[in-house]
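# Test case, fold it:
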Amino acid sequence: MRKDYISPKEPGPMRSSFRSVFPVKHTSIPFYIFITVAIIAIFIPLNPRMPSKGLDASWEFAMNEAVARHLTFGKQIMFTYGPYAAVGTRTYSPATDRRMMWGSLFVAVSYVTGLLFLARGKKRYLLLFLLLFLATFGNPELLLLSYSFLLTACAVRYMNPEKGGNPAALNWRGILAAVLMWCTLGLLPLVKGSLLLPFAASAAIPSALFLYKRRFWQGICLLVLPLVSATVLWIQAGQSFGNLPAFLRGTFLLTSGYTEAMSSSWLVLPAIIGEGLVITFLAVSALMFWSMRRANRLTVISKWALATGFALFLLVIFKHGFVKADGVSSAFCSLAVLITIVGLLEMNRCLISSLIIAAILTAGTSVMQDATLFKEVHEKFGSGVTWSGERRTDIFAFCVERAIGAYSRTTYRSTWRTFADAWEGLRLRIGRQNGFEARYAKAIDDIKSGNPLPPLMGSGDVYESEQSVLLASNNEWNPRPVFQSYSAYTPTLASLNEQHLRGHDAPDWVLFDLQSIGGRLPALDDGVSWPALMDNYTFVSYDGKFVLLRRLPVIQASSEYNSVFSQKCKSGSTIALPATSGLLFAEIDLKPTLAGQVLIALFNPPELRITIGLQNGKTIRYRTVSNMMRTGFLLSPLVGSTRDFASLMAEKSDVGFDGQVKSISIAPTYGGPVFWSDTYELTLKKYGVK
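Numbering: from 1, shown residues only. Down below sits the predicted model:
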């Protein structure tokens, strides 16, 4: 293994380094034309999406509106995305289009600068493979994530000149390139808060490497530049410097509860396939560490820096990909991109084998992300059927029959779409004035026509997630801090939403549509806010889609309860509820064991299931989330639909429902007391209006 040394017999240091980011030879014009076209098509949203209805489309629309309406991130708005969200969502808004384009341009220029620096002197097929791979399977989040790791690889490459010795000093071109690349890094956490760990890793690891090599000023600059850049960009976005800690706190709160609340199991895939994909991912990752260990050209400290960065990024990729079963293809895609970046440093057989496996599995599992196949499954079997808690071999067989068509849409058609959409967007931006404004106006009209809302005298909010309907209606939007109810999955987040309803800034109107995700017990989403709605709002109407509620003149700061039951219960046992009339709210404190906490940190825990026995003899199973049960939720009567919620608020028999709960049972899907405590505290309270 090569040792660090300085020898007078060594040829001159690598004089190019960052100074020769762009190769000197100009004989391969088609190659560089392709790189230019590919970078523009992949990184710059020339043809952005337009607003629409739906869960994801609603929060994308809402994030643009939060910027347009100058809401304070971290206080008025708390979500996993920040004030530069449009760079990640690629959703059009007249208020954010310029910011989206400039931010994407900076990422594109910085990314290609890093790639060309790494690829200098390497075989070009790696660069071509990477760009085509990103054009086919890439997404904005992957581009930002891989950019973070790209910076670590660039630092390692710079500190390990091909001819040995010490790296050359940077000239003004190299300094400019480095400043641009590390300043662009500051954009990442402001696009999406969950990119904070990659951001920190890409600032700290290269800085530590330079400091270890006694390049103190360079090391300090690599650490300070992203921090200064992020602060400047935050202020440039119209946010106060004093609110930056609140944004970081909100990001931590959202990240801390994400795994348990948003994880999903392999209910459609046969268990052997799901478990096999996890094992394969870990095996390929281990093979990569072995490959880096065998890298002959890298010094020991450089190997440690590269391996540390790779491990941190693997954790992020693994969590994003395997917490939710439909993210498997993204996990292998991200792994393949990281392997390719390492390959630009040094290639060997282990790395080639890892890359081939990751690329094949990316393509093979890409059908799991095909929107058309999702739609076909939902049309045939019903929305949410995969969350029934039972393994559905009929759904799996249905997907296998249609896999070839889905495969074509997610592979070569996807590549074609990347370049075709870029060309169409360029044509609209250059050739047609107001082309995007017209498309935007039409998209807003389409949302309005689908769910027309009357003019509301005052401000409004939408529960649980269909914000697009209100935003498109020209009514005043007054969102709760965590404006998508399924994301209020920790006690602190849920309490912030409840206090919003009890404060002087509470919305005058609330539109309520029960849209719980992942097979959750519906009353869990913003469950602690339901008493606030019952205290402070009155039923106006129910149109089959939304329950319309109007705020009362006097706001109650808290609700009144009578305690009726408090006991330590055993997980898995059936608990009979006391016979009582009225509304029964529950607070359940069920904690993970130490092993469960480790599993939550590194992977995802066994899902918790609640079995509800009704007085009419029916038994219903839902998924439940431990953090969401702690703040309190309506347990009886069972509210399973928007119509049920309308009955709850209207107290009218003609909209009535039969949902009195007789018993409950809570147990994990597997593992028993290994990952979850075998007992929990159950408190039942009867709600009463003051």
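
# for stretch 437-454, which positions count as buried?
Within stretch 437-454, the residues that qualify as buried are 440, 443-444, 447, 451, 453, counting by 16 or more other CB atoms under 10 Å. Backbone N, C-alpha and C define where each C-beta goes, glycine included.

# Just to be sure, which of the residues you listed are found in helices?
440, 443-444, 447 (DSSP state H).

# Output these in JSON lines; the columns should cover distance to residue 314.
As requested, those are exported to JSON lines (distance: CB to CB, whole Å):
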{"residue": "440", "distance to residue 314": "39"}
{"residue": "443", "distance to residue 314": "38"}
{"residue": "444", "distance to residue 314": "42"}
{"residue": "447", "distance to residue 314": "40"}
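
# Next, format these as CSV and append distance to residue 659 and pLDDT.
Formatted as CSV, these follow (distance: CB to CB, whole Å; pLDDT from 0 to 100):
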residue, distance to residue 659, pLDDT
440, 43, 94
443, 38, 95
444, 38, 95
447, 32, 94
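
# for this structure, what spans make up the strands?
Using DSSP state E, the strands of the chain run over residues 459-463, 476-477, 509-512, 537-542, 547-551, 560-570, 575-576, 584-589, 608-614, 619-624, 633-636, 661-668, 679-688.

# re the thing from before, and of the buried residues of stretch 437-454, the nearest to residue 507?
Nearest to residue 507 among those: residue 453, at 13.6 Å, using CB to CB.

# Please list all residues in contact with that closest one.
Neighbour list for residue 453: 469-470, 473, 475, 511 [criterion: CB atoms under 8 Å, 6 or more residues apart in numbering].

# which residues of the chain score low on pLDDT?
Applying pLDDT under 70 to the chain picks out residues 1-27, 163-165, 265-271, 325-326, 378, 382-392, 652-658, 689-690.

# still on that earlier bit, in TSV, list the strands of the chain along with mean neighbour count and distance to residue 429.
Output for these, formatted as TSV (neighbours: other CB atoms under 10 Å; distance: least, CB to CB, whole Å):
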stretch	mean neighbour count	distance to residue 429
strand 459-463	23	32
strand 476-477	18	29
strand 509-512	24	35
strand 537-542	17	43
strand 547-551	22	40
strand 560-570	13	58
strand 575-576	12	61
strand 584-589	20	54
strand 608-614	19	49
strand 619-624	17	45
strand 633-636	24	48
strand 661-668	19	52
strand 679-688	18	55
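
# Is it possible to get TSV of these that adds distance to residue 497?
TSV is the format used below for these (distance: least, CB to CB, whole Å):
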stretch	distance to residue 497
strand 459-463	9
strand 476-477	15
strand 509-512	12
strand 537-542	14
strand 547-551	15
strand 560-570	19
strand 575-576	28
strand 584-589	16
strand 608-614	22
strand 619-624	19
strand 633-636	13
strand 661-668	24
strand 679-688	18
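
# So for residue 76, which of those sits nearest?
Residue 76 lies closest, by CB to CB, to one member of those: strand 476-477, at 10.8 Å.

# Report all helices and strands that that closest one contacts.
Using 3 or more CB pairs under 8 Å, 6 or more residues apart in numbering; DSSP states H and E, the elements in contact with strand 476-477 are strand 459-463, helix 467-471.
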